[in-house]
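Undergrad: could you look at this predicted model? Sequence included:
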Amino acid sequence: MKFIKPGKVAVVLQGRHAGKKAVVIKNFDEGNKAHPFPHAIVAGIERYPLKITTSMGKKKVARRSRVKPFIKIVNYNHIMPTRYTLELENTKTLVTAETFKEPTQRKVARKAIKKIFQDKHAAGKNKWFFAKLRA
């Protein structure tokens, strides 16, 4: 689909990450040999950061600001694009189709995504992306 592009925020609709927000890293409109259907590589938030108040100490703030990310190959039918975008620098090189072949590579990529997400959250940008999806 022409509007599912890298940087676009989408909501995952199916599977263990259903209802979680994710950002498209790379899109495959035609599919490929391993996945012969239109799909995208997405990086999302499995566990969102918690609310912080002014009375909390540094240690508690650091703990509550943690983000648990996930990376996944998702069929276009199972993601719903939103109007939001999120600029992710150099993620194209971090997460590729080859990343999913080896669990250790996956772990390294997830760690890098975690750092990027936590830096973005600490900067106070993209507040909507780091909040739970509520009805």
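TA: Yep, that arrived.

Undergrad: and Pro69, how far from Asn77?
TA: 23 Å (C-beta to C-beta, to the nearest Å). For the C-beta atoms, the positions are set from N, CA and C on the backbone; glycine is no exception.

Undergrad: the two: which is more packed in?
TA: Pro69 (20 against 11; other C-beta atoms under 10 Å).

Undergrad: can you name the residues bridging to the more buried one?
TA: Beta bridges link Pro69 to Ile45 when assigned by DSSP bridges.

Undergrad: OK, contacts around it?
TA: Ala43, Gly44, Ile45, Glu46, Arg110, Ile113, Lys114, Phe117 (C-beta atoms under 8 Å, 6 or more residues apart in numbering).

Undergrad: please name the nearest non-neighbouring residue to Tyr48.
TA: Nearest residue to Tyr48, sequence neighbours excluded (C-beta to C-beta, 6 or more residues apart in numbering): Lys132, at 5.1 Å.

Undergrad: distance-wise, check the residue positioned nearest the centre of the chain relative to Pro69.
TA: By C-alpha atoms, centre = their mean, the chain has its centre lying nearest to Gly44, at 2.1 Å. Distance of Gly44 to Pro69, given as C-beta to C-beta: 7 Å.

Undergrad: what of Ala43?
TA: 6 Å.

Undergrad: can you list residues touching both of those two?
TA: Ile113, Phe117.

Undergrad: pLDDT on the one helix or strand Ala62 maps to, on average?
TA: With secondary structure defined by DSSP states H and E, Ala62 is part of helix 58-64. Confidence over helix 58-64, taken as the mean pLDDT, stands at 93.

Undergrad: list the contacts of it.
TA: Pro49, Leu50, Lys51, Ile52, Met56.

Undergrad: the residues you listed, buried ones only, as a PyMOL selection?
TA: Applied in PyMOL, the following selects the buried portion of the contacts of helix 58-64 according to 16 or more other C-beta atoms under 10 Å:
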select buried, resi 49
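
Undergrad: and of the contacts of helix 58-64, the nearest to Pro38?
TA: Among these, Pro49 lies closest to Pro38 (C-beta to C-beta), at 31.6 Å.
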